[in-house]
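1. quick one, what's the 3D model for this:
(one chain, ligands or ions: 2)
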Amino acid sequence: MADAIAVRNLTKVYGGALKDRVPAVDNISFTVAQGEVFGFIGPNGAGKTTTIKILLGLLFPTSGEAEVLGKPAGDIETKRRISYLPESPYFYEHMTGAEVIDFYCRLFRMGAAERKAKTQELLERVGLAEDGHRTLRQYSKGMLQRIGIAQALINDPDLLFLDEPTSGLDPIAHKDITELIASLGRQGKTVFLSSHQLGDVETVCDRVAIINRGKIVKIGTLDDLLRAGRTVITFAKAGSELVEQVKPYAERVSADGELVRVYVESEENVHSVLDAARGKATLVSVLPQRQTLEDLFVEIVREVRK
Ligand SMILES: Nc1ncnc2c1ncn2[C@@H]1O[C@H](COP(=O)(O)OP(=O)(O)O)[C@@H](O)[C@H]1O
Ligand SMILES: [Mg+2]
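-> Ligands and ions are numbered 1, 2, ... in the order given. Next comes the predicted model:
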């Protein structure tokens, strides 16, 4: 199937004083397949919103290419088929939920009867059928995000960009919104979902990319990302010579008294380390570790020393 999104060597450097010109997005490449729920995960300032705005045609990249539904980002025809829930949507809080949806329907030039039907349908779809008459001031953060998603569904888009839709929600609202997003995926929509927490997208995303400081550091299914755990090999009675010998195969080596721990990424390197250490230290243990989501994320974000 064709890609819904294709990004190649995309870079964005914002203007401003020369010394501050660090790329917000730094030569990233990835694709999102049609019908996929894709998680775009990274800490604050990683470059998520910048990437989304480029894909929407709201910002121009400094270099590289971005294609959305087979056309260059920003294409007018494509805009009809996509929608966007911004990070901090601005809503008119004196309006009721139903009025807000009606307002956005007007922007799509719908007639009165169509607007009424659409408003009803969308409020139901996001679980606000009973709350359409209340003003947004009376809505919880979770309800506001539902209205945001309803707004993003007015044009029945093929592709939705949701920028941190679950941030700041309590656990129940969080679960509800996550389920709503999963249901969009089941209806065949492509969803590009950004979040600053990997755990947020665990249950909904087919694949995730982890972005940090403008670069994609990992991409794949969650299973792929977590399986790539490491093995910790512990030796006792090891001399400093051992540390030097295993270093080429290790991601990290730590020495704690006479115990030496060697952190190894691949199975091949496990064998190399064991071979290098034979006769030079006492092997204590070889422990494969499957990373937790949290470990993986913290490790990536902190860019642990090698
Ligand atoms: N309009 C702008 N002008 C200058 N720098 C910006 C602008 N918008 C974002 N940035 C910078 O670009 C980087 C990426 O920001 P952003 O894409 O908003 O990250 P995220 O959405 O992942 O939090 C940050 O360092 C941010 O300060
Ligand atoms: Mg952002």
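2. show the backbone phi and psi for the residue of the chain found nearest ligand 2.
-> Residue nearest to ligand 2 within the chain (CB to the ion): T49, separated by 3.1 Å. Every residue, glycine included, has its C-beta placed from N, CA and C. Backbone torsions for T49, taken as degrees, to the nearest 10, come to phi -60, psi -40.
3. output the below-cut-off pLDDT ranges for the stretch 1-150 of the chain.
-> 1, 16-20 (pLDDT under 70).
4. could you redo the last one with a cut-off of 50?
-> The stretch 1-150 of the chain contains no residues with pLDDT under 50.
5. next up, the contacts around L184.
-> With contacts defined as CB atoms under 8 Å, 6 or more residues apart in numbering, L184 is in contact with 37, 160, 191.
6. hmm, try it at 6 Å
-> Contacts for L184 (CB atoms under 6 Å, 6 or more residues apart in numbering) come out as V191.
7. ok, now how distant is it from ligand 1?
-> Per CB to the nearest ligand atom, to the nearest Å, L184 is found 21 Å from ligand 1.
8. one more: L225?
-> For L225 relative to ligand 1 (CB to the nearest ligand atom), the value is 19 Å.
9. and T51, by the same measure?
-> Per CB to the nearest ligand atom, T51 is found 7 Å from ligand 1.
10. just checking, that residue is part of a strand?
-> No - counting by DSSP: H, G, I helix; E, B strand; the rest coil, T51 is located in no strand; its state is helix.
11. ok, and the closest non-adjacent residue to it?
-> Distance criterion CB to CB, 6 or more residues apart in numbering; nearest residue to T51, sequence neighbours excluded, is V25 at 5.6 Å.
12. hang on, the one you found packs against K12?
-> Yes - the pair V25 and K12 qualifies as a contact (CB atoms under 6 Å) at a distance of 4.2 Å.
13. mutual contacts of the two, please.
-> Jointly contacting V25 and K12 under the rule CB under 6 Å, 6+ apart are T50.
14. more neighbours: those two, which one.
-> More crowded of V25 and K12, by other CB atoms under 10 Å: V25, with 27 against 21.
15. with adjacent residues omitted, what lies nearest to the residue most central in space within the chain?
-> With distances taken as CA atoms, centre = their mean, F40 lies nearest the centre of the chain, 1.9 Å away. Residue nearest to F40 in three dimensions, not counting chain neighbours: S194, with 4.4 Å by CB to CB, 6+ apart.
16. next up, phi/psi of the one you found, please.
-> phi -100, psi 150.
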